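Visitor: got a predicted structure here, sequence first:
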Amino acid sequence: MFFLQLMSGSLLLPLVMSSGSGHSLWGLFTYISGPTQFPEFSMVLMLDDIQVGYYDSNTSRLIKVGGGGEKWAELDLGPLALNVLQNQMMSMRRRLDIGRKQLNLTSPGVYVIQRMWACEVQEDGQPDFIMSRDGVNGHDADSVQYNKTHFLYGGGDGWDFHWDTMVQMYEQMRFSNFYQPLCARTMGHLLESNKHLVMRRVRPRLRLLSQPGGGGAQITCLATDFYPRHINLTLLRDGEPVDEDQMTVGSVLPNGNGLYQLRKTLMVDEEELQRKHKYTCAASHLSLDNRLDVSWRAESFRSFRLHVISAPVVLLLVVVILLLVLMMMKMRKRSGSEEALHEGSEPGVEDRDVTAPLKNFSSK
């Protein structure tokens, strides 16, 4: 649970592809102290929003994830990568001991420290930003942000441990001369082998849904099955954007198939429905050359309700019409049979009286 809190909080940082340019590499580390069924140390490696690697202390192997290929295949990032992982494990073990003292977590049990490393590079491959953030048992510990010109260190709530000036200078040198170049090289390698995933462009499916509710109608602008996750979704009323504070705006969520979805919902009362506004759901996305939109003309609640309940009535009418057609076909078939029987009873050539010529002959 804390892992999700830590990750969602980090999405507010500027490095998370806010502009849609460049790429980001994430290392999500977990160290657990105490008896559990989980590995003592584990790491999930993500390129942008796609998991590409996994490591844990039980196997001490960096495994390739996604992108096809052999299952459980090694992810070859060079021997330096494994050394960095071992150093991260020892560092987190020490930081967990410090965190427990800082937060007065002295009773026996299971304790967790999580760390998030992330960096961003520009489209030309130049490193742009790098950060690290720690959390102990659900509490923010401290964080580092570095972007070539500024080095920022911050402590979390209740965290009294702070780096002095000398330590900050040393860490700034490590970030500048080691971690940032290493992150950029690793990202370049992963981009080359996973370009078919991170470079894809999948057009969104756009729908404008309307249903009665709350004495009016609920209008939902829904975009699904798009990639990448950055999308501009707008609900318009008669061509003018609806204010965000008037709507329920969701977050961009995974769609369960490697793609994303986003929805915005507006509640419209009966009075507004009677004005019969035109609502338009519009989307701008990297996969689209032009804006994609779909529209709906509002109706009054009564006509809207009749429109909704008319489906069973239509079904009943269809059944009645089918019954009438079957009855007419049956009557027509019966009528045709009676006509055929009547025609069969009239004398034909083979039914005429053949003795008639003889009778006429004898009478002569």
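Guide: Okay, I see it.

Visitor: C-alpha only now, for contacts and for neighbours.
Guide: Will do.

Visitor: in which helix or strand would I find Pro35?
Guide: Using DSSP states H and E, Pro35 sits in no helix or strand.

Visitor: got it, and Thr106?
Guide: Here Thr106 is assigned to no helix or strand, by DSSP H and E.

Visitor: tell me, what's the model's pLDDT at it?
Guide: pLDDT, Thr106: 83.

Visitor: for Tyr153, see how far away the residue lying closest to it once chain neighbours are set aside is.
Guide: Among residues not flanking Thr106 along the chain, Arg100 sits closest, at 6.7 Å (CA to CA, 6 or more residues apart in numbering). According to CA to CA, to the nearest Å, Arg100 stands 20 Å off from Tyr153.

Visitor: Leu209 now?
Guide: Taken as CA to CA, the span from Leu209 to Tyr153 is 47 Å.

Visitor: higher neighbour count, those two?
Guide: Set Leu209 next to Tyr153 and count neighbours by other CA atoms under 10 Å: Tyr153 wins out with 18 against 14.

Visitor: show me what contacts the more buried one?
Guide: Contacts were defined as CA atoms under 8 Å, 6 or more residues apart in numbering; by that measure Tyr153 touches 142-145, 168.

Visitor: would you show me how to pick out the buried ones of these in ChimeraX?
Guide: To isolate the buried subset of the contacts of Tyr153 in ChimeraX, counting by 16 or more other CA atoms under 10 Å, use the following:
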select :142,143,144,145,168
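
Visitor: nearest to Arg275, of the contacts of Tyr153?
Guide: Gln145 (52.0 Å; CA to CA).

Visitor: hey, what's that closest one bridged with?
Guide: Met131, Leu152 (DSSP bridges).

Visitor: same check, this time on Pro212
Guide: Going by DSSP bridges, Pro212 is paired in beta bridges with Ala217.

Visitor: now for Arg200: which residues touch it?
Guide: 227-228.

Visitor: again, 7 Å this time
Guide: If you count contacts by CA atoms under 7 Å, 6 or more residues apart in numbering, Arg200 has none.

Visitor: make 56 the first number, not 1, from now on.
Guide: From this message on, residue numbering opens at 56, which makes the last subject Arg255.

Visitor: show the pLDDT at it.
Guide: 90.

Visitor: try Thr275
Guide: 92.

Visitor: do the same with Asp215
Guide: pLDDT, Asp215: 68.

Visitor: ditto for Gly269
Guide: At Gly269, the predicted lDDT confidence score is 71.

Visitor: what separation is there between it and Gln329?
Guide: 15 Å.

Visitor: so which of these two has more stuff around it?
Guide: Gln329 (15 against 10).

Visitor: still on that earlier bit, so the residue nearest to Thr161: helix, strand or coil?
Guide: Using DSSP: H, G, I helix; E, B strand; the rest coil, the secondary structure recorded for Arg155 is helix.

Visitor: so it versus Ser198, what's the distance?
Guide: Arg155 is 17 Å from Ser198, by CA to CA.

Visitor: for Gly270, same thing?
Guide: 49 Å.

Visitor: how does the protein divide into domains?
Guide: 57-253, 260-358 (automatic domain parsing).

Visitor: kindly reformat those domains as JSON lines containing distance to Met383.
Guide: JSON lines is the format used below for these (distance: least, CA to CA, whole Å):
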{"stretch": "domain 57-253", "distance to Met383": "61"}
{"stretch": "domain 260-358", "distance to Met383": "35"}
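
Visitor: can you tell me which of the ones you listed the model trusts least?
Guide: domain 57-253 (a mean of 82).

Visitor: next one: that one to chain centre, how far?
Guide: In terms of CA atoms, centre = their mean, to the nearest Å, the centre of domain 57-253 is found 24 Å from the chain centre.

Visitor: what's the closest of the contacts of Tyr208 to Glu247?
Guide: Nearest member of these to Glu247, counting by CA to CA, is Gln200, at 26.7 Å.

Visitor: quick check: the spatially closest residue to Tyr315 that is not a sequence neighbour vs Gln316, distance?
Guide: Nearest residue to Tyr315, sequence neighbours excluded (CA to CA, 6+ apart): Pro309, at 4.6 Å. As for Pro309, its distance to Gln316 is 6 Å (criterion: CA to CA).

Visitor: do the same with Leu151
Guide: Per CA to CA, Leu151 is found 37 Å from Gln316.

Visitor: equivalent analysis for Leu100, please.
Guide: Here the distance between Leu100 and Gln316 works out to 23 Å (CA to CA).

Visitor: and the helix or strand Leu264 falls within, what does it pack against?
Guide: Using DSSP H and E, Leu264 sits within strand 260-268. Here strand 260-268 touches strand 271-281, strand 347-352, going by 3 or more CA pairs under 7 Å, 6 or more residues apart in numbering; DSSP states H and E.

Visitor: again, only this time at 6 Å
Guide: Here strand 260-268 touches strand 271-281, going by 3 or more CA pairs under 6 Å, 6 or more residues apart in numbering; DSSP states H and E.
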